[in-house]
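In: Sequence plus predicted model, see below.
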Amino acid sequence: MPPLIATVVYIVLVLGLFWLDRDRKARTSAALWIPVAWLLLACSRSVAQWLMVGQPIGPMPPADQYAMEGSPIDRIVYTGLLAIGLIVLATRRQQIGRILRANGPVLLFFGFCAMSLLWSDYPDVAFKRWSKALGDLVMVLVVVSDREPYAAVKRLLSWLTFLLIPISVLFIKYYPELGKGYGRWDYMPIYTGVTTNKNALGAICLFLGGASLWRFLSAYHEPKSASRKRLLLAHGVILGMVAWLFWMANSMTALSCFLLGAIVMIGASSKAVFRKPVIVPILIAAMLLVSVGVLLLGQYPGILQTMGRNPTLTDRTEIWSTILASAGNPWVGTGFESFWLGPRLQRIWSSFSWQPFEAHNGYLEIYLNLGWAGIALLALVLATGYRTVMVAWRRKQPASSLMLAYFVIALIYNFTEAAFFRMMAPAWIFSLLAITAIPQRSTVADRRLLRQLPTAPGRAKVAVSAAIVTEESG
């Protein structure tokens, strides 16, 4: 099929997916387009990289200089989106105040990251990166503070999925200059889709594919209706594309996490499991123990060989000992996102011809940048995040099974990829969305109304009281 005709077909397909997924009852605000724009860039390429269309796919050259200076175009776009997002939050002050109070550990971590700029060797660069990380938090807050937060989450994920997944397929099949690159040393083809590398493509397949699987399972368990058939068709098509992209990308970390996340979602959606909720923590613990044994302790090497990976996890384990020898202060690290800069980066590159930019381990990355203090704060964030997703699941809140899967995926994904508190990293943004507690709406006005009805008929007063109790209990 000629590329032009294929493009027209894919445009019709994308419009068809939006039509099949329509929900006229959902009432989300226009502000949702702000996080959509932010995540479209985070999950694909920056504006500067999109403007380099037609040039070889790969890191922005020269890498170290770009890391230090950044792109003026990207800075303008991200600053503009951040400013608009902050304006939106300012109009929702009361609601944002409740959300922030419910997510104290996340704010504490961001505050420590800001404080670490004081001991960074490159405070200006670290501040730019911290500002982008703050933008990630702002975008999540815009979503969860929407008039219908769960409808906003569902719509956000659907929009991102329907745009990025089909276009990735289109790029790989019909526009190889956009969706395909070649290895630096072996010149083997690398399929990237709308992203810049195969691991990034695997990441969006992992999280957006997981969202479509959640929608598919939710529709499957609904009573038979016209909307049920529409949703099954739309997200079934997406899941087929995701399976093909996983095969092309050959990103085994993302694929393995997707399968584990699917198990969590299917289990969490089961009525039998819900009647015995202890099964879910046991399942999560088993997954983590097996992952630690295989990926970090070298147990069961046959599993890695079956996945087509060597015991060094494609040289990841070799780099860990090298970078630990270059670590800074063990208690507070080198400062937020400051380890991979300057002479330290050049020394590491002199030892590895493939020029790594990260530790390929989220926990180690936090230690390098923020030391043991950062690890302790990360543990606090994860502990409260676990409590948040489990409470939401036990209360059968919308999207709770997906958020639970996202949380488990994040824990395992960071064993071989650095995604915790990484600015503009899809894995981090979706993880932050999962662990952000959404408090119940305030019932102060309802209680005031109840006090003002001392002479109301008994049944009416009881009805108001019941409504208040129901809302507070979630």
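Out: Right, received. Where do you want to start?

In: Only C-alpha atoms from now on, for both contacts and neighbour counts.
Out: Will do.

In: How far does stretch 178-193 sit from its chain's centre?
Out: 24 Å (CA atoms, centre = their mean, to the nearest Å).

In: Stretch 196-210 too?
Out: On CA atoms, centre = their mean, the centre of stretch 196-210 falls 10 Å from that of its chain.

In: Identify all contacting residues around that stretch.
Out: With contacts defined as CA atoms under 8 Å, 6 or more residues apart in numbering, stretch 196-210 is touched by 43-45, 57-59, 157, 160-161, 165, 190-195, 238-239, 242, 245-246, 249-251, 254-255, 257-258, 261-262, 402, 406, 426-427, 430.

In: Counting neighbours, what do you get for Phe274?
Out: By other CA atoms under 10 Å, 16 other residues sit near Phe274.

In: now it: how far from Leu341?
Out: From Phe274 over to Leu341 the distance is 48 Å, taken as CA to CA, to the nearest Å.

In: okay, and for the stretch 1-150 of the chain, where does confidence drop off?
Out: 53-70 (pLDDT under 70).

In: can you map out the strands along it?
Out: With strands called from DSSP state E, counting those that start in this stretch, the stretch 1-150 of the chain shows none.

In: just the helices in it please.
Out: 3-20, 33-42, 47-50, 63-69, 72-90, 93-102, 104-115, 123-144, 149-174 (DSSP state H, counting those that start in this stretch).

In: Domain boundaries for the protein, per the record?
Out: Residue ranges for the domains of the chain, per automatic domain parsing: 3-439, 442-474.

In: Which stretch among those domains is buried most, on average?
Out: Among those, judged by mean count of other CA atoms under 10 Å, the one packed with the most neighbours on average is domain 3-439 (a mean of 18).

In: wait, isn't Leu156 in contact with Trp38?
Out: No. Using CA atoms under 8 Å, Leu156 makes no contact with Trp38, being 11.1 Å away.

In: can you put the helices of the stretch 1-150 of the chain in JSON lines and add distance to Ala434?
Out: Shown next, in JSON lines, are the helices of the stretch 1-150 of the chain (distance: least, CA to CA, whole Å):
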{"stretch": "helix 3-20", "distance to Ala434": "24"}
{"stretch": "helix 33-42", "distance to Ala434": "15"}
{"stretch": "helix 47-50", "distance to Ala434": "27"}
{"stretch": "helix 63-69", "distance to Ala434": "29"}
{"stretch": "helix 72-90", "distance to Ala434": "19"}
{"stretch": "helix 93-102", "distance to Ala434": "14"}
{"stretch": "helix 104-115", "distance to Ala434": "12"}
{"stretch": "helix 123-144", "distance to Ala434": "10"}
{"stretch": "helix 149-174", "distance to Ala434": "10"}
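
In: what's near enough to touch Leu217?
Out: Ile266.

In: And Ser269, by the same measure?
Out: By CA under 8 Å, 6+ apart, Ser269 lies in contact with Ser401.

In: Roughly how far does it sit from Phe207?
Out: Counting by CA to CA - Ser269 and Phe207 are separated by 18 Å.

In: ditto for Val8
Out: 27 Å.

In: go on, Pro398?
Out: Distance, Pro398 to Phe207, by CA to CA: 17 Å.

In: Could you list every helix and strand in contact with the top helix by length along the chain?
Out: The residue-count maximum for a helix in the chain (DSSP state H) belongs to helix 362-394. Applying 3 or more CA pairs under 8 Å, 6 or more residues apart in numbering; DSSP states H and E, one finds that helix 362-394 contacts helix 104-115, helix 400-413, helix 426-435.
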